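J.: here are the coordinates; sequence isn't available:
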């Protein structure tokens, strides 16, 4: 498991397994967001399998599949809602952490500067600079 902290309250990771859930809880996370569509992974790594283990461990589990190249405003809103309702730090995962960083940056538009959102992802190699116009437009809309 490779947890990449973007803020004190939000981190991303490549695909996790049911066996990772105890370590995620021990790291202090209270919510896991699955941003990976089930069609991309075998049944043992699908949302239902990981969600069942997360729920049994007392963690909130949110399914918000982000299809590569087809991110929607519903995805952005669902990510923001999951973060807002979390009782503690959130770990979101997808294939590499990239989609989870993108949907996070868009969901935080107006809550942090575009520079801060972009640089948080850049520390881990997530190239969010191309999202600057969308982040700024969402920030203006949310103002």
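T.: It's in. Everything numeric in this text was worked out from a predicted model, so none of it was measured. Numbers count the residues shown, from 1 in each chain.
J.: state the helix or strand in which the residue most central in space within the chain lies.
T.: Nearest to the mean C-alpha position of the chain, by CA atoms, centre = their mean, lies residue 92 at 3.2 Å. Assigned by DSSP states H and E, residue 92 belongs to strand 90-93.
J.: tell me who's in contact with the residue nearest to residue 103 when sequence neighbours are not counted.
T.: Once flanking residues are discounted, residue 103 sits nearest to residue 79: 4.6 Å by CB to CB, 6 or more residues apart in numbering. Every residue, glycine included, has its C-beta placed from N, CA and C. Residue 79 is in contact with 33, 35, 64, 92, 103, 104, 106, 107, counting by CB atoms under 8 Å, 6 or more residues apart in numbering.
J.: can we see that at 6 Å?
T.: Residue 79 is in contact with 64, 103, 107, counting by CB atoms under 6 Å, 6 or more residues apart in numbering.
J.: how many other residues sit next to the second one?
T.: Read that as residue 103. By the criterion of other CB atoms under 10 Å, residue 103 has 25 neighbours.
J.: that one touches residue 67, doesn't it?
T.: No. Look at residue 103 against residue 67 with CB atoms under 6 Å: they stay out of range, at 11.1 Å.
J.: give me the pLDDT for residue 69.
T.: Looking at residue 69, its pLDDT reads 82.
J.: may I ask which helix or strand encompasses it?
T.: Under the criterion DSSP H and E, no helix or strand holds residue 69.
J.: before we move on, back to that, tell me which other helices or strands the strand holding residue 92 touches.
T.: The contact analysis (3 or more CB pairs under 6 Å, 6 or more residues apart in numbering; DSSP states H and E) places strand 90-93 against strand 10-13, strand 31-34.
J.: noted, bye for now.
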